[in-house]
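Asker: My questions are about this predicted structure, shown below with the sequence.
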Amino acid sequence: MDNDSRFWSRFRLRGKLKLHTILTIFISLIVLCIIAGSGRLSLYLFKTKTVESFAHSRQDTLLQISDSVSDYCKKIELLSVSYADLDYIREQAALPPEERIDLAAFRQSIDSIKQRIDESIFFSDIQYELQIIADNGLSYSSQENHLDTLLGLVDTVWFYHAKKERIDSLWQSNILFKSGEEKTNVISFVNFIKDADGQTSGAILINLDERQLYRIYSQIIGFQSTIYLVDTRGQIASHPTLSMVGRFFYDMKIFNAFFEEQNWAQIKKSGENYLFSKFSSLENPWIVVEEIPMNVITDPLEHISKTIELFTGILLLISLIVAVFFSQRVSLPFEKLARSMEIAGSGDLSVPFVPTGCYESYTMAESSRNFVDRIQSLIEELKVTEREKRTSELEFLQMQINPHFMYNTLFTIRCLVDFGLKDTAREMIDRFSNMLKKVLRIDSSMITIVDNIDYLEDYSFIMVQRFGSLSFTYEIEEGLEHEKILKFVLQPLLENSIYHGFADGVTEDSLISIAFSLFGPDFIEIHVRDNGCGMTEETLNTILDPPCSDDHSHIGLYNVQTKLQLYYEGRARLHIASEAGRGTDIQIIIPRIQNDHEDTDY
């Protein structure tokens, strides 16, 4: 019996797989997976190289288009110089405004000059509209129905900027001419007329129908690609689809960031991947952009890709089956270790890891104990880091000032000075300076309600100068004057009421009211109400959603909600009630803060 027992014991022992045997099997399977993975990686690299080679090949096409456009632009610029060098035009533009100008004779003379130039061998193939405008009231348009639009150009921002900077000439995209129901997108080369002192006294415009520019490169466009021209501001100057012309399609900083130092990039648009290529040169006033769907390039490789994916899936399935089978052969020490790890994973990091069994299980138990101890240490460090991050995010949000507000404020001050309203301009500068000083003092997250209202009064004064008869009222329940609330949390709400609540215009009855009152013993209730246009239910349901990358219309409300959640740790509430045509009521409920929470000093 003893011999039989020893025999069966040795037999059972031989039936047990050693750990290194199990590892050998797993390593073999891993090697197989690596082989399959290498094939997929090779395919990926091949795809990447194919896309890169294709993108480089498209640069030749874009160069060809850019050269064609550049040659055409040079011809237009030469045509403009032909008019700008005429002494007759400069002399007429230099006449003083008080001297009577015979517009009919001037326009008849320009018609004759244009006819001679058009019949010349150099410019006979160019279809264009000639326009001339001068500060002394002189004006001409070869298409008389566009004369009103020409006279309105002097009030545009780009025309004002060009005169101020004494620019000699420029290309201006997407001037829209209307004649009855007909609309024409025009690209203009503007040559500015200078007087004897070098001052701009007028301009000569050579206007081209955008479709003429499109026809230059339309023959080169492939049937599966879209090529168009974009100016340096991100506005589309020419596009195969006429409705796209004139759109500000790109934020050029973001657009250039996609490309980095290359002339091509893979960009997702409308849920699909596209290969974007661009080409720019000093001779061409526009950037040539091409879009090609990625599936046009990668579809031929899909058959190979699917075969590799199938092979990889089969190997992974085999690995899974073998892993499940051999995992059940692992000894009891590993099961105990797994149970201990499960308990630790549920949050009880005090669970004991008892070293037992073979060398591997013993070492794993020791390492697991050290690992759990390290996790406990990292959790404590993470809590500290999260608190610091929360503080940093709050301070960042508090420092944000809308750059458009700064620009509009400075522009309003300039206008007040230009109109001689120096006292109002001086007070506006004082108010704006007060706001900046308070924003830059970020040493405290909390200020009193009175200090908040002081900041809002400076802001509302500035907005009244810009928008006219806006009225603001402030109501504070007695005893709450020195209660502390989050710094500058209300200014974005006023801004939202002004820009969106009164988007249809400000009247003498336009009113924004801010009220502070107790909400129970432990909370403060704040109401920001306006009697503006209100909002629809659809807008109300999405107004506090995170803003899209190309939509910043309600980012102020989203930032306010973020600040409240960050600082009050979920105990604050923001609610908006509104109805189209009935105004808007924004309610904020925040917990009261002890007076010794933070000190504020202005």
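Answerer: All right, it came through fine. Numbers count the residues shown, from 1 in each chain.
Asker: Please name the nearest non-neighbouring residue to residue 238.
Answerer: Leaving aside its sequence neighbours, residue 238 sits nearest to residue 229 (CB to CB, 6 or more residues apart in numbering; 4.3 Å). Any C-beta I mention is one placed from the backbone N, CA and C, and that applies to glycine too.
Asker: so where do the helices sit in the stretch 151-300 of the chain?
Answerer: For the stretch 151-300 of the chain, the helices defined by DSSP state H, counting those that start in this stretch cover 157-164, 210-218, 252-259, 294-298.
Asker: on that earlier part again, quick check: beta-bridge partners of the residue nearest to residue 238?
Answerer: Taking DSSP bridges as the rule, residue 229 bridges to residue 238, residue 288.
Asker: which ones are touching it?
Answerer: By CB atoms under 8 Å, 6 or more residues apart in numbering, the residues touching residue 229 are 69, 213, 236, 237, 238, 239, 286, 287, 288, 289.
Asker: shouldn't the fifth one be in contact with residue 210?
Answerer: Yes - counting by CB atoms under 8 Å, residue 238 touches residue 210, with 5.4 Å between them.
Asker: Give me the common contacts of those two.
Answerer: With CB under 8 Å, 6+ apart as the test, residue 238 and residue 210 both reach 187, 245.
Asker: Comparing the helices of the stretch 151-300 of the chain, which stretch has the densest surroundings?
Answerer: helix 210-218 (a mean of 17; mean count of other CB atoms under 10 Å).
Asker: Report all helices and strands that it contacts.
Answerer: helix 19-84, strand 182-194, strand 236-238 (3 or more CB pairs under 8 Å, 6 or more residues apart in numbering; DSSP states H and E).
Asker: got the angle between it and strand 182-194?
Answerer: Angle of helix 210-218 versus strand 182-194, following axes from the mean of the first three to the mean of the last three CA atoms, to 10 degrees, is 90 degrees.
Asker: Give me the distance from helix 210-218 to the chain's centre.
Answerer: 30 Å (CA atoms, centre = their mean, to the nearest Å).
Asker: repeat for stretch 45-61
Answerer: Counting by CA atoms, centre = their mean, stretch 45-61 comes out at 28 Å from the chain centroid.
Asker: Check stretch 292-311 too.
Answerer: Put simply, stretch 292-311 sits 32 Å off its chain's centre (CA atoms, centre = their mean).
Asker: With stretch 262-270 instead?
Answerer: With CA atoms, centre = their mean, you get 16 Å for stretch 262-270.
Asker: Quick one: mean pLDDT for it?
Answerer: Mean pLDDT, stretch 262-270: 84.
Asker: Would you tell me which of the helices of the stretch 151-300 of the chain gets closest to residue 367?
Answerer: helix 252-259 (44.0 Å; CB to CB).
Asker: hang on, the earlier thing: mind checking how far the residue nearest to residue 238 is from residue 50?
Answerer: Note on residue 229: its distance to residue 50, by CB to CB, to the nearest Å, is 28 Å.
Asker: Likewise for residue 374?
Answerer: From residue 374 to residue 50 the distance is 45 Å (CB to CB).
Asker: of the helices and strands packed on helix 210-218, which approaches residue 298 most closely?
Answerer: That would be helix 19-84 among the helices and strands packed on helix 210-218, by CB to CB, at 5.9 Å.
Asker: Next, the angle from the closest one to strand 182-194.
Answerer: Using the same axes, to 10 degrees: helix 19-84 against strand 182-194 is 70 degrees.
Asker: Name the residues of the next helix-or-strand element following helix 19-84 that come out as buried.
Answerer: Under the assignment DSSP states H and E, the closest C-terminal helix or strand after helix 19-84 is helix 87-94. By neighbour count on 16 or more other CB atoms under 10 Å, the buried set for helix 87-94 is 89, 90, 92, 93, 94.
Asker: Kindly report the same for stretch 434-446.
Answerer: Going by neighbour count (16+ other CB under 10 Å), the buried part of stretch 434-446 is 434, 435, 438, 439, 444, 445, 446.
Asker: Determine how far it lies from the middle of the whole chain.
Answerer: That offset, for stretch 434-446, works out to 27 Å (CA atoms, centre = their mean).
Asker: Columns pLDDT and distance to residue 315 on top of the contacts of residue 229, output as TSV?
Answerer: TSV is the format used below for those (pLDDT from 0 to 100; distance: CB to CB, whole Å):
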residue	pLDDT	distance to residue 315
69	88	53
213	82	56
236	87	49
237	85	53
238	87	52
239	87	49
286	86	52
287	89	47
288	90	46
289	89	43
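Asker: Out of the residues you listed, who's the most crowded?
Answerer: Neighbour counts for the contacts of residue 229 peak at residue 238, which has 29 neighbours (criterion: other CB atoms under 10 Å).
Asker: Tell me how far that residue lies from residue 593.
Answerer: Taking CB to CB, one finds residue 238 at 59 Å from residue 593.
Asker: again, but for residue 375
Answerer: Relative to residue 593, and taking CB to CB, residue 375 is found at 35 Å.
Asker: who has more neighbours, these two?
Answerer: residue 593 (17 against 14).
Asker: Give the closest residue to that one in space, chain neighbours not counted.
Answerer: residue 484 (5.0 Å).
Asker: hmm, back to that, nearest to residue 43 among the contacts of residue 229?
Answerer: Using CB to CB, the contacts of residue 229 come closest to residue 43 at residue 289, 29.2 Å.
Asker: Isn't that closest one up against residue 227?
Answerer: Yes - with contact defined as CB under 8 Å, residue 289 counts as touching residue 227 (7.1 Å).
Asker: Wait, a helix at residue 512?
Answerer: No - the assignment for residue 512, made by DSSP: H, G, I helix; E, B strand; the rest coil, is strand rather than a helix.
Asker: Who is the nearest residue to it once chain neighbours are set aside paired with across the strands?
Answerer: Distance criterion CB to CB, 6+ apart; nearest residue to residue 512, sequence neighbours excluded, is residue 530 at 4.7 Å. With beta bridges defined as DSSP bridges, residue 530 has these partners: residue 512, residue 584.
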